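>>> structure for the following, please:
(3 chains)
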Amino acid sequence: MAPKTLTSTAIFFVLLVLLGCSATPTGARVRARQRPCKRMVFYFHDILYNGHNAKNATAAIVGAPAWGNTTILAGQNHFGNVVVFDDPITLDNNLHSHVVGRAQGFYLYDKKDIFTAWLGFSFVFNSTEHKGSINFAGADPLMNKTRDISVIGGTGEFFMARGVATLMTDALEGDVYFRLRADIKLYECW
Amino acid sequence: MAPKTLTSTAIFFVLLVLLGCSATPTGARVRARQRPCKRMVFYFHDILYNGHNAKNATAAIVGAPAWGNTTILAGQNHFGNVVVFDDPITLDNNLHSHVVGRAQGFYLYDKKDIFTAWLGFSFVFNSTEHKGSINFAGADPLMNKTRDISVIGGTGEFFMARGVATLMTDALEGDVYFRLRADIKLYECW
Amino acid sequence: MAPKTLTSTAIFFVLLVLLGCSATPTGARVRARQRPCKRMVFYFHDILYNGHNAKNATAAIVGAPAWGNTTILAGQNHFGNVVVFDDPITLDNNLHSHVVGRAQGFYLYDKKDIFTAWLGFSFVFNSTEHKGSINFAGADPLMNKTRDISVIGGTGEFFMARGVATLMTDALEGDVYFRLRADIKLYECW
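Below is the predicted model of the structure:
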């Protein structure tokens, strides 16, 4: 009987091993979408320099197409304008709330017939709330109510992070002020 | 005899477990290159604004070095020119084919003695073929017949994608039109 | 006795399987920080064009805010300046050492009240030492002695790489020359 039992045990363990490791085969990993391992919501506030608000501005036009300049956003839906920013990050939608970090990087408007942008930036934290950075990149079709960009990496507390951030325009005041809500969902946490 | 058999079984399973999970040890993952979990080929078409083609242009110079301007690509292999683009994506190499998405972002020429570029852009899809975005970044030594850039993330249908895209210049007409073939190989699919 | 031994063996293997695979559950991966699978140290050398050093310059200002220009770095801690570069990479801190690759991409200064930058670039290798590219992105608060940016991907020898690079300003000569030490730690190696 013992050999028979051993055989069953063997089969049992083979199944166990296959089951236990099936989520990460040696080959390509195919994974179902799942709950984020970390989720955080922030707001950031962009005040674009327009020639009259040097003191308060957190962003400036630094690139423009031949038909534009660096003081006023260009025609054709700002196509070709490149903006560098250093925006305060808050936990709620109030510009004057406690600043927990800075959103730093650039966006550029990249379509002639509709407003749409491309973003490369970081959330940089060095506060009691968070220490470290989260790096983002991706297309921002900003006329959509919500849109997703990629979390492409992180450092410190967010070491090696990967995920998706859902952006929403929370406020928009002319060409000078806008506020974005970023719902960050990390799916790789180390 | 039974204990002996048990011992062999034990060794057998230890080996099995080590084998089954060796691809993903608790520590650093070292993986062999393998077949992509998803592969797609697209073409995108870039028509650079040159002062005379405002209607057709899909791209514009928005940054230039001190010795250049934003209408004509600069000398020294365009070193320092930054171009923003919104290029149509097609399934074959015909500019007039059905557009399945847009390639949006920027490239910059970054070498004085040879043509070479750096790219940050997305493929943005919202068609019957695909819905979602793929984000790319990397060096594009465009004098090479083929060159690889990184897929750094994705959203929607391409949620959390990672991989490599092999670019090939499929056509080049002066400084105004070029067409790239992108062979996208995803090695992480969720 | 045999059944009892079998039971213990069974429990032993269940534990083994759980242990061996626990690092990569089917759900979100939560991993401890661990030793890099690859570590490399390089230096790169940036000589910024200032109107008088066209021959030696490896970098040029290509974007500037309304209050700046593309020959001299702008006031307010260079806020808004965008620089494109093609810098030699060496294995030690000597500008005249054997060049093993090129650091190519851009940085932009993105804060008014302190020097800080955002980087998007690649290490491009095609030498006996290395063949392939490593892509980087992230915030560079350059007044800090060391700061981490993300390795967001790689090609060739560095296929699918992910990790962190610790940057250190190794030398700084006015606004014209700086040398960065990059300590690259890859945590995902394929």
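
>>> buried residues in the helix or strand containing residue A:165?
Following DSSP states H and E, the helix or strand that holds residue A:165 is strand A:162-173. By neighbour count on 16 or more other C-beta atoms under 10 Å in any protein chain shown, the buried set for strand A:162-173 is A:162-165, A:167-169. Any C-beta I mention is one placed from the backbone N, CA and C, and that applies to glycine too.

>>> turn these into a markdown table, columns for pLDDT and distance to residue C:100.
Converted to a markdown table, the buried residues of strand A:162-173 look like this (pLDDT from 0 to 100; distance: C-beta to C-beta, whole Å):
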| residue | pLDDT | distance to residue C:100 |
| --- | --- | --- |
| A:162 | 97 | 29 |
| A:163 | 98 | 34 |
| A:164 | 98 | 36 |
| A:165 | 98 | 36 |
| A:167 | 98 | 39 |
| A:168 | 98 | 45 |
| A:169 | 97 | 45 |
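
>>> now the residue of chain A found nearest chain B. Nearest residue, chain neighbours left out?
Nearest residue of chain A to chain B (C-beta to the nearest C-beta) works out as residue A:150 at 2.7 Å. Once flanking residues are discounted, residue A:150 sits nearest to residue B:153: 2.7 Å by C-beta to C-beta, 6 or more residues apart in numbering or on different chains.

>>> with residue A:50 instead?
residue A:176 (5.7 Å).

>>> stretch A:180-190 vs chain B: in contact?
Yes. Residues of stretch A:180-190 contacting chain B under C-beta under 8 Å from any C-beta of the partner chain: residue A:187.

>>> which residues are in contact with that stretch?
Residues from elsewhere that reach stretch A:180-190 (C-beta atoms under 8 Å, 6 or more residues apart in numbering or on different chains): A:34, A:36-44, A:46, A:93, A:123, A:134, A:151, A:154, A:158-170, B:160, B:190, C:28-33, C:187.

>>> ok so, going back, can you tell me which of the buried residues of strand A:162-173 comes closest to chain C?
Nearest to chain C out of the buried residues of strand A:162-173 is residue A:162 (C-beta to the nearest C-beta; 8.1 Å).

>>> tell me which stretches of chain A form helices.
Using DSSP state H, the helices assigned to chain A run over residues A:2-21.

>>> any idea which helix or strand in it has the lowest mean pLDDT?
When the helices and strands of chain A are scored by mean pLDDT, DSSP states H and E, strand A:29-30 comes last with a mean of 42.

>>> tell me the pLDDT at residue A:20?
Note on residue A:20: pLDDT of 41.

>>> which part of chain A gets nearest to chain C, residue-wise?
residue A:153 (2.7 Å).

>>> can I assume that residue is in contact with residue C:151?
Yes. Residue A:153 lies in contact with residue C:151 (C-beta atoms under 8 Å); the separation is 7.2 Å.

>>> counting neighbours, go ahead and name the busier of those two.
residue A:153 (31 against 26; other C-beta atoms under 10 Å in any protein chain shown).

>>> what is that one paired to in the beta sheet?
residue A:135 (DSSP bridges).

>>> any idea how far it lies from residue A:190?
As defined by C-beta to C-beta, to the nearest Å, residue A:153 lies at a distance of 11 Å from residue A:190.

>>> and residue A:34, by the same measure?
16 Å.

>>> which one's more surrounded, these two?
For residue A:34 versus residue A:190, the count of surrounding residues by other C-beta under 10 Å is larger for residue A:190: 17 against 13.

>>> where exactly do the strands run in chain A?
Listed in chain order, the strands of chain A (DSSP state E) span A:29-30, A:38-47, A:59-63, A:82-90, A:99-109, A:117-126, A:131-140, A:146-156, A:162-173, A:177-189.

>>> among the ones you listed, which is the most enclosed?
strand A:59-63 (a mean of 28; mean count of other C-beta atoms under 10 Å in any protein chain shown).

>>> how many degrees apart are the strand holding residue A:165 and strand A:146-156 in direction?
With axes from the mean of the first three to the mean of the last three C-alpha atoms, to 10 degrees as the basis, strand A:162-173 and strand A:146-156 are set at 120 degrees to each other.

>>> what strands line up against strand A:162-173, and which way round?
Using DSSP bridges, strand A:162-173 pairs in its sheet with strand A:146-156 (antiparallel), strand A:177-189 (antiparallel).

>>> can you dump the C-alpha coordinates of the longest one into CSV?
These are the backbone C-alpha positions of strand A:177-189, laid out as CSV (Å, rounded to 0.1, in the frame of the first residue of the first chain):
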residue,chain,number,x,y,z
TYR,A,177,-5.4,78.0,-13.4
PHE,A,178,-6.3,74.4,-13.5
ARG,A,179,-6.5,71.8,-10.8
LEU,A,180,-6.1,68.1,-11.4
ARG,A,181,-7.3,65.2,-9.2
ALA,A,182,-5.0,62.2,-9.5
ASP,A,183,-6.3,58.9,-8.3
ILE,A,184,-3.1,56.8,-8.1
LYS,A,185,-3.4,53.0,-8.2
LEU,A,186,-0.2,51.0,-7.8
TYR,A,187,-0.3,47.4,-8.9
GLU,A,188,3.3,46.7,-8.2
CYS,A,189,4.5,47.4,-4.7
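
>>> pLDDT of it, averaged?
97.

>>> same question, the first one
Strand A:146-156 carries an average pLDDT of 98.

>>> could you give the angle of it to strand C:131-140?
Using the same axes, to 10 degrees, the direction of strand A:146-156 lies 100 degrees away from that of strand C:131-140.

>>> check the longest one too.
Regarding strand A:177-189 and strand C:131-140, their directions subtend 130 degrees when assessed with the same axes, to 10 degrees.

>>> who's in contact with residue A:83?
A:48, A:59-62, A:106-108.

>>> ok, the residue of chain A closest to chain B touching residue A:164?
Yes. Residue A:150 lies in contact with residue A:164 (C-beta under 8 Å); the separation is 6.3 Å.

>>> joint contacts of these two?
B:153, B:155.

>>> now do stretch A:147-165: distance to the chain's middle.
7 Å (C-alpha atoms, centre = their mean, to the nearest Å).
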